[in-house]
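>>> how would this look folded up:
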Amino acid sequence: MDEKSRRAAQSGGTHPPAPADPTPWKAVHYFFYGSLMDEGQLASVLNLDSPPALRPASVVGYSIKMWGPFPALIEAPTGNVVSGVVYEVQEGVHEEWLVNHETNAYRCTRCDIKLGEGGEMISGKTFVWADEPDEGLSEGSFDFEAWKKAGLVPLDWELTAWGSH
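Below is the predicted model of the structure:
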């Protein structure tokens, strides 16, 4: 009997196994379909010193509805495609900041992301509407070009205008 087992037997019990080393955080691709498609907006949310490297991408099996001025991704028939961009999040704190930015109105979920036109499929994450698809949403679409022409919405506007989601 080794020393550890002998001591455990003497104390009338066993020691619980030592906790496993925590898994290090790994970079993950995120699909964005609303204001975070804008390099400036995403850089502001993530507190980046330079513009993020965004690539055109899409997800299949989703559609967009609107929550006021904000797009909301919801599950849709398999062939439905939503276009956007993909960004590789390199730090766990950046993922936390994205979750906080999106608020509890959205939930983070795993998805398959198609890179560019006819590109490869990669695994990643995106934010989908957290409630029922018809709860609080209306028909419509997010016009990214019109949003850019209107100027950036201040980051705190979402919280003050819509409450804490």
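
>>> Which parts of the protein are strands?
Under the criterion DSSP state E, the chain carries strands at the ranges 28-32, 55-60, 62-67, 70-75, 81-89, 106-115, 121-129.

>>> Partner strands of the fifth one, with direction?
For strand 81-89, the paired strands and their directions (DSSP bridges) are strand 28-32 (antiparallel), strand 55-60 (antiparallel).

>>> For the first one, which outside residues touch it?
It stands for strand 28-32. Residues lying outside strand 28-32 but in contact with it, judged by Cβ atoms under 8 Å, 6 or more residues apart in numbering, are 42, 54, 57, 59, 84-89, 95, 98, 111, 113, 122-126. The way it works is simple: take the backbone N, C-alpha and C, and place the C-beta from them, glycine included.

>>> distance of the residue lying closest to G61 once chain neighbours are set aside from S63?
Residue nearest to G61 in three dimensions, not counting chain neighbours: T78, with 5.1 Å by Cβ to Cβ, 6 or more residues apart in numbering. Distance of T78 to S63, given as Cβ to Cβ, to the nearest Å: 11 Å.

>>> again, but for L54
As for L54, its distance to S63 is 22 Å (criterion: Cβ to Cβ).

>>> Kindly report the same for L46.
Plainly put, L46 is 27 Å away from S63 if you go by Cβ to Cβ.

>>> More neighbours: which of those two?
Neighbour count, other Cβ atoms under 10 Å: between L46 and S63, L46 has more, with 19 against 16.

>>> hmm, back to that, run a quick neighbour tally on the residue nearest to G61.
What T78 shows, counting by other Cβ under 10 Å, is a neighbour count of 8.

>>> likewise M121?
Neighbourhood size, M121 [other Cβ under 10 Å]: 10.

>>> ok, now which ones touch it?
Each residue near M121 by Cβ under 8 Å, 6+ apart is listed here: D112, I113, K114, L115.

>>> are any of those residues buried, and which?
Applying 16 or more other Cβ atoms under 10 Å to the contacts of M121, the neighbour count classes I113, K114 as buried.

>>> so which of the contacts of M121 comes closest to W25?
Within those, distances to W25 taken as Cβ to Cβ reach their minimum at I113, with 19.3 Å.

>>> pretty sure that closest one is touching G124, no?
Yes: I113 is within contact range of G124, at 4.5 Å (criterion: Cβ atoms under 8 Å).
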